[in-house]
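Enquirer: just the structure for this:
(4 chains)
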There are 2 protein chains.
Amino acid sequence: MKDQDAKTLSNTQRAVRDLRQMILSGELAAGTDHLESELAETLGMSRTPIREAALMLESKGLLEMRPRKGVRILPVSSDDMREIYDILTELESLAAQRAAEASYSEDELAVLAGSIAKMDQAIEAEDLEAWAEADELFHQELVRLGGNKRVEAIVAMMSDQVSRARATTLFIRPLPVKSNEDHRVVFQAISEGQPDIARERHREHRLQAMAMLCGILEKHRLNSL
Amino acid sequence: MKDQDAKTLSNTQRAVRDLRQMILSGELAAGTDHLESELAETLGMSRTPIREAALMLESKGLLEMRPRKGVRILPVSSDDMREIYDILTELESLAAQRAAEASYSEDELAVLAGSIAKMDQAIEAEDLEAWAEADELFHQELVRLGGNKRVEAIVAMMSDQVSRARATTLFIRPLPVKSNEDHRVVFQAISEGQPDIARERHREHRLQAMAMLCGILEKHRLNSL
DNA sequence: GCATTTATTTGCGTATACATTAAAGAATGC
DNA sequence: GCATTCTTTAATGTATACGCAAATAAATGC
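Expert: A predicted model of the protein is given here:
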């Protein structure tokens, strides 16, 4: 792992990976500012790769470079959440449709099926972290099966942006039993080759998820995460 | 203008703007490779801002940085076109829906109405360039009215990626009479506050446009632009 | 000749230096 | 004390230097 680190990855790539991780985990908190030179020292490299990494993360919407004020970790407001979930709803529904059109074999749907199984287990064990991980796998795999690389990239980008909010709401939201049912219905539509149903069911699933999340955020006055 | 150039914009920003323009115009042709040092000399600056600009354009999907092979201007295949139009279809339809939900005043819809008028004039004058420009304005304004900044950014990004292909097909495709009718129908649904109709009509419009464009590309064996 | 190894070149990744300029702080006048 | 101007500081934007590794060319062995 340390080999991979030093040998195959450039410092810029390491910086992208590490900064992203630090942002998603909250180690670099939303709304905070950080000088390029500080980050450089933290990651043990010069400003050049830090700047390059920051530029990339800026175009992924995770931070903002403000001259003389440092790199600002972008908070996500509930309005931002709406924007992002609107996009996820459209693009994931498209992916579900396309996945259903592709008539995948049982083998090819194994990962998707596996993620559902994992979510079921997690709910029984009331292990929310495990559930969240499996949920993310489901959505990621769904989009992959949709077969559109650009959709994949956009969805990944949007998911990163709301990741902190998801972590926060995870322990406030109701146990995601309904969510699992939704996933199963979508999966069935895909495996039976019913594009319109897959699309529509997934769309409803996402709309409900958004309503619930935004509801929670507003109820708890969590306006920026 | 030269003031703006030198005073308010950084070299990196100028490089982004100029390189983008050179790519869209074809001055930097699809599929060609360019050393960082060449580009630096061309734009009269050092490699540093060129690299930063290239990084940004890479994440916008316009080029790819390949170590030792130079910066490669990405071609767009007909498969890419399908990916992109699929995304544009979903996100613009969403925007149309949201615009219709927003019950804009006539004033606020003036730009959109104006773009349609311009397209009509252009068709009468058989000025395809003018038509294309007005068409782009329509789509851009539609998305702006949708009120989702991220959708706006994604659509702009995708539009950039297919811009060369659009320029090529412009003089092969049939006169866009049907297209203008579509726009009018969408506009009416928006101004009358009918979200579902706006969404569905725009979706059909985009699906047809994609079918036509991809048809042309394949017919003429234009597999990468 | 052809394959394989060894030089050589060259473009990139990164560190570093430095000028610029915005922001913060000090000093001055009122 | 407050506003205003001047100083100082410090973070950025950019140029430049340089080592390294990859690609190419040359040389060697067979």
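Enquirer: report the central residue of chain A.
Expert: Taking CA atoms, centre = their mean, the centroid of chain A lies closest to residue A:159, which sits 2.4 Å from it.
Enquirer: so residue A:87 touches residue B:153, yeah?
Expert: No. The pair residue A:87 / residue B:153 is not scored as a contact, 10.3 Å apart, by CB atoms under 8 Å. Any C-beta I mention is one placed from the backbone N, CA and C, and that applies to glycine too.
Enquirer: which of the two has more neighbours?
Expert: Between residue A:87 and residue B:153, counted using other CB atoms under 10 Å in any protein chain shown, the more crowded position is residue A:87 (22 against 14).
Enquirer: hang on, the more buried one is in a strand, isn't it?
Expert: No. Counting by DSSP: H, G, I helix; E, B strand; the rest coil, residue A:87 is not part of a strand but helix.
Enquirer: show the contacting residues for it.
Expert: By CB atoms under 8 Å, 6 or more residues apart in numbering or on different chains, the contact list for residue A:87 reads A:154, A:158, B:91, B:94, B:148, B:150-151, B:154.
Enquirer: mind putting these in CSV, secondary structure included?
Expert: Below are those laid out as CSV (three-state DSSP):
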residue, secondary structure
A:154, helix
A:158, helix
B:91, helix
B:94, helix
B:148, coil
B:150, helix
B:151, helix
B:154, helix
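Enquirer: surely residue A:51 is in contact with residue A:35?
Expert: No. With contact defined as CB under 8 Å, residue A:51 and residue A:35 do not form a contacting pair (11.4 Å).
Enquirer: of these two, which one has the most company?
Expert: The neighbour comparison of residue A:51 against residue A:35 (other CB under 10 Å) goes to residue A:51, with 22 against 14.
Enquirer: ok, for the more buried one, nearest residue in space, not its chain neighbours?
Expert: Nearest non-adjacent residue to residue A:51, counting by CB to CB, 6 or more residues apart in numbering or on different chains: residue A:36, 6.0 Å away.
Enquirer: show me what contacts that neighbour?
Expert: Residue A:36 is in contact with A:47, A:50-51, A:54, A:70-71, counting by CB under 8 Å, 6+ apart.
Enquirer: nearest to DNA strand D, of the contacts of residue A:87?
Expert: Within those, the smallest distance to DNA strand D is 23.3 Å, found for residue B:150 (CB to the nearest atom of the strand).
Enquirer: residues touching the closest residue to that closest one other than its chain neighbours, list them.
Expert: Once flanking residues are discounted, residue B:150 sits nearest to residue A:83: 4.9 Å by CB to CB, 6+ apart. Residue A:83 makes contact with B:148-151, according to CB under 8 Å, 6+ apart.
Enquirer: for the helix or strand hosting residue A:156, buried residues please.
Expert: Assessed by DSSP states H and E, residue A:156 sits inside helix A:149-169. Using 16 or more other CB atoms under 10 Å in any protein chain shown as the test for burial, helix A:149-169 gives A:150-152, A:154-155, A:157-166, A:168-169.
Enquirer: packing partners for it?
Expert: Packing partners of helix A:149-169 (3 or more CB pairs under 8 Å, 6 or more residues apart in numbering or on different chains; DSSP states H and E): helix A:11-25, helix A:78-101, helix A:128-146, helix A:195-219, helix B:78-101, helix B:149-169.
Enquirer: buried residues in the first one?
Expert: What it means is helix A:11-25. In helix A:11-25, counting by 16+ other CB under 10 Å, buried: A:11-12, A:14-16, A:18-20, A:22-24.
Enquirer: spit out the contact partners of the residue nearest to the centre of chain A.
Expert: Applying CB under 8 Å, 6+ apart to residue A:159 gives the contacts A:88, A:136, A:139-140.
Enquirer: DNA strand D: which of those is nearest?
Expert: Of those, the one sitting nearest to DNA strand D (CB to the nearest atom of the strand) turns out to be residue A:140, at 30.6 Å.
Enquirer: contact partners for the closest residue to residue A:66 other than its chain neighbours?
Expert: Excluding its sequence neighbours, the residue lying closest to residue A:66 (CB to CB, 6+ apart) is residue A:72, at 5.8 Å. By CB under 8 Å, 6+ apart, the contact list for residue A:72 reads A:31-34, A:63-66.
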